[in-house]
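Trainee: One predicted model, sequence on top.
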Amino acid sequence: MTPEAKPEDSKKKLQKTALNRLQEARAQKALFQLDLREGYFFAAPHRRRSVYSQTEPEMTKAQDASFLNTSFGFEICGDFPTVIINTFFPEQVAWLTRRAGPVVPKDQADAIEKQAADQDEKVFSSIRASNFYAECGKSFNPDLALGTIGLWIDHPAPWAHPRVQAVPIRELEINIGADGNIDDRFVVRHTKLRYLEALLPGVPLPKKITDKREKDDSKRCVVVWGFWRIYDDTHTEKWQHVVLVDDILVHSSELTGRGSCPLVVARFNPTPEWAWGVGPLIQALAELRMMDELNGKKIKNVDMLLAPPIAFPDDSFANISEGIEAGMAYSVRPGTEGAIKNIYDPPSPDPAIYFTQDMEQRIKRLFFLDWPQQRGDTPPTATQWLDEMTLAQRRIGTPGLAFYQEFCVGVFMRWVYMLEKANQIEPVTISDKNGKKSPIALIPQNPAQRSADQEEVALFTRFAQIGGGAFPEEWKLETDGKTTLQNIAKKMGVTRLWAQRSDDQKAAALASIQKLMGGATPGGPAVPGAPGPSPDMAGPAPAQPTYSLRGRGL
């Protein structure tokens, strides 16, 4: 084999590997396509119902939306993204912090965490300035309720903000890897030949594709972007990136570094067997079917009550098989006046079928929308309300842990990677004794931990109320107020909002208090040299009260 033939053979091998991985990923989606299609029927009937990427998407709108008898799926799938965003990554909150790992010496940890916090603030500013939250709202409804979402995050120009694009389930193909996490990930897009330059800037196209485009650029083609992990280095995260046009490999590269993959895929409530998540919309399909069927039966029953079926003789005066209209006059042959009559009197519906609160509450619970509600006439106490809110956050945190790791951490690290490549932030590193630099460990702050911190603060508040109320002197003697306040602020995540005074400001404030108290320190002796009251204004010292043990019966 000549050396010139090796690159071509390697290209064919990589092309075959990409197509095989794509086929395996499509087989994973085939197991869930019925659930995905039914979820779209209840929550987004206007969306393209086909979820297969190997077929051309239909160009007509689905017509079966007229058979839908309930809009409850629209409501809960519209509220679910708001709950997820406010719980995991609120827009105005730093929803992830990077802290020094256990291998970092304690004397360097504070400086490293301060440097990381400054860089994190720039990252969050860039996220807020981009279209990230707008695309999340577009991608999450209803794909997140189905359990799986995809975002393409790229930074095409260093002078511009990063760009985010929602990837619909129809274009997304995924598969799990050796560690049970999402490994193979593909975006399959059916487009026209004239858009190849916009979709693949700077990528040379083979002559077969260019000739086809020059002949008729309105014809359609299939563009595939693929990524999968490379495990030849255990210390560095590496990805294989390929681009195919009509199953022809046109570009390949290796991406190195955490956050180098632009396609972020996340799942809500994943399972260890399959690549696709089992979201609350899939879990609630049974209840949505019952609600839709029940509403359809109600409509049919009401229709029977208002317009019951009638019977008329076959030699009647006119053909009224289509029914009769209000206000119309019909001629009746003498002797057949009583021939037209109702043949079925439907019974009155049971009022119980109109009470669907229990079913709706079960669905809301699956969607984590059952926030604390007032039961009865007595409003809940503040403590009871906070306890129920903590429980709700804990419930959503359990199935959402994988979502936080795959989405929140994935998006953040992708942003860090892009800004570092654009030289907009400096990587946070630490030097060992040999001068070798290594990145710090990432410690994400997830909702479950935040809920635990809030519960710890609530327990300490109760403890302070008991200790300070029963033993005020001992409490003041034993408690370091400054350190305690700093610990509480750190647990509640408000350290960046709490503006603390410097030592000079505290000394000036203490001097002002001493002046107001006549030169005496609070609870202590007079300060030497401090101004005292004027002798002319000073009156006789007040008499000290005397106490007698006898007066108390002792």
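Mentor: Thanks, I have the structure now.

Trainee: so what pLDDT did Glu473 get?
Mentor: The model reports Glu473 with a pLDDT of 88.

Trainee: Surely it forms part of a strand?
Mentor: No: using DSSP: H, G, I helix; E, B strand; the rest coil, the assignment for Glu473 is helix, not a strand.

Trainee: State the mean pLDDT of the one helix or strand Phe463 maps to.
Mentor: Take DSSP states H and E as the rule and Phe463 turns out to sit in helix 447-470. Averaged across helix 447-470, the pLDDT comes to 77.

Trainee: Please export the C-alpha coordinates of it as CSV.
Mentor: Taking Å, rounded to 0.1, in the frame of the first residue of the first chain, the C-alpha atoms of helix 447-470 are listed here in CSV:
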residue,chain,number,x,y,z
PRO,A,447,-30.7,22.3,43.6
ALA,A,448,-30.6,19.4,46.0
GLN,A,449,-27.6,20.8,47.8
ARG,A,450,-29.2,24.3,47.8
SER,A,451,-32.3,22.8,49.4
ALA,A,452,-30.1,21.1,52.0
ASP,A,453,-28.3,24.3,52.7
GLN,A,454,-31.6,26.2,53.2
GLU,A,455,-32.8,23.5,55.6
GLU,A,456,-29.5,23.8,57.6
VAL,A,457,-30.1,27.6,57.8
ALA,A,458,-33.7,27.0,59.0
LEU,A,459,-32.5,24.6,61.7
PHE,A,460,-29.9,27.0,62.9
THR,A,461,-32.5,29.8,63.0
ARG,A,462,-34.6,27.7,65.3
PHE,A,463,-31.5,26.9,67.4
ALA,A,464,-30.6,30.6,67.7
GLN,A,465,-34.1,31.5,68.8
ILE,A,466,-34.0,28.8,71.5
GLY,A,467,-30.4,29.5,72.7
GLY,A,468,-30.7,33.3,72.5
GLY,A,469,-34.0,33.4,74.3
ALA,A,470,-33.3,31.0,77.1
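
Trainee: so what secondary structure elements neighbour it?
Mentor: On a contact count with 3 or more C-beta pairs under 8 Å, 6 or more residues apart in numbering; DSSP states H and E, helix 447-470 meets helix 382-397, helix 472-478, helix 481-492. (Each C-beta comes from the backbone N, C-alpha and C, glycine too.)

Trainee: Check the offset of the shortest one from the chain's centre.
Mentor: In this view, helix 472-478 has its centroid 45 Å away from the chain centroid, taken as C-alpha atoms, centre = their mean, to the nearest Å.

Trainee: who's in contact with Lys364?
Mentor: 76, 370 (C-beta atoms under 8 Å, 6 or more residues apart in numbering).

Trainee: same thing with the one 5 residues further on?
Mentor: For Leu369, the set of contacting residues under the criterion of C-beta under 8 Å, 6+ apart consists of 76, 79-80, 83.

Trainee: what helix or strand does it sit in?
Mentor: For Leu369, there is no helix or strand it lies in under DSSP H and E.

Trainee: Near the nearest residue to Phe403 once chain neighbours are set aside, how many other residues are there?
Mentor: Among residues not flanking Phe403 along the chain, Phe268 sits closest, at 4.7 Å (C-beta to C-beta, 6 or more residues apart in numbering). Look at Phe268: counted by other C-beta atoms under 10 Å, it has 27 neighbours.

Trainee: how close does Phe268 get to Ala44?
Mentor: 17 Å (C-beta to C-beta, to the nearest Å).

Trainee: what's the answer for Val302, then?
Mentor: 28 Å.

Trainee: Which of these two has more residues huddled nearby?
Mentor: Ranked by neighbour count (other C-beta under 10 Å), Val302 and Ala44 place Ala44 first, with 21 against 12.

Trainee: need the contact list for the closest residue to the more buried one other than its chain neighbours.
Mentor: Leaving aside its sequence neighbours, Ala44 sits nearest to Pro142 (C-beta to C-beta, 6+ apart; 5.1 Å). Under the criterion of C-beta under 8 Å, 6+ apart, the neighbours of Pro142 are 39-40, 43-44, 73, 77, 80, 281.

Trainee: Next: Ala311.
Mentor: Counting by C-beta under 8 Å, 6+ apart, Ala311 touches 339-343.

Trainee: again with Gln119
Mentor: 98, 416, 425-426, 428.

Trainee: Let me know the helix or strand that it is in.
Mentor: helix 106-129.

Trainee: just Arg213 next, same as before
Mentor: Arg213 belongs to helix 207-215, assigned by DSSP H and E.

Trainee: tell me which residues of the helix or strand following that helix are tucked away?
Mentor: Moving toward the C-terminus from helix 207-215, the next helix or strand (DSSP H and E) is strand 220-230. Judged by neighbour count (16 or more other C-beta atoms under 10 Å), strand 220-230 contains these buried residues: 221, 223-229.

Trainee: Pretty sure Asp232 sits in a strand.
Mentor: No: secondary structure of Asp232 (three-state DSSP): coil, not part of a strand.

Trainee: coming back round to it: buried among the contacts of Pro142? Make that a ChimeraX selection.
Mentor: Buried members of those, defined by 16+ other C-beta under 10 Å, are picked up in ChimeraX with:
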select :39,40,43,44,73,77,80,281
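
Trainee: now, the most widely separated pair of the contacts of Pro142?
Mentor: The span of the contacts of Pro142, defined through C-beta to C-beta, is set by Tyr40 and Phe80 at 14.9 Å.

Trainee: what's the neighbour count on Glu360?
Mentor: Glu360: 17 surrounding residues under other C-beta under 10 Å.

Trainee: Could you double-check that it sits in contact with Phe72?
Mentor: Yes: shown here, Glu360 and Phe72 form a contact pair, counting by C-beta atoms under 8 Å, at 6.7 Å.

Trainee: which residues do these two both contact?
Mentor: Between them, Glu360 and Phe72 share these contacting residues under C-beta under 8 Å, 6+ apart: Met291.

Trainee: where's Asp358, which helix or strand?
Mentor: Here Asp358, judged by DSSP H and E, is contained in helix 357-366.

Trainee: got it, and Thr87?
Mentor: Counting by DSSP H and E, the element that carries Thr87 is helix 72-88.

Trainee: Same check on Leu255?
Mentor: Following DSSP H and E, one finds Leu255 within strand 248-256.

Trainee: What ranges does this structure have for its strands?
Mentor: With DSSP state E as the criterion, the chain has strands at 148-154, 163-167, 172-176, 182-192, 220-230, 238-245, 248-256, 263-267, 310-311, 341-342, 429-431, 437-439.

Trainee: Buried deepest among those, which one?
Mentor: When these are scored by mean count of other C-beta atoms under 10 Å, the highest mean neighbour count falls to strand 263-267 (a mean of 24).
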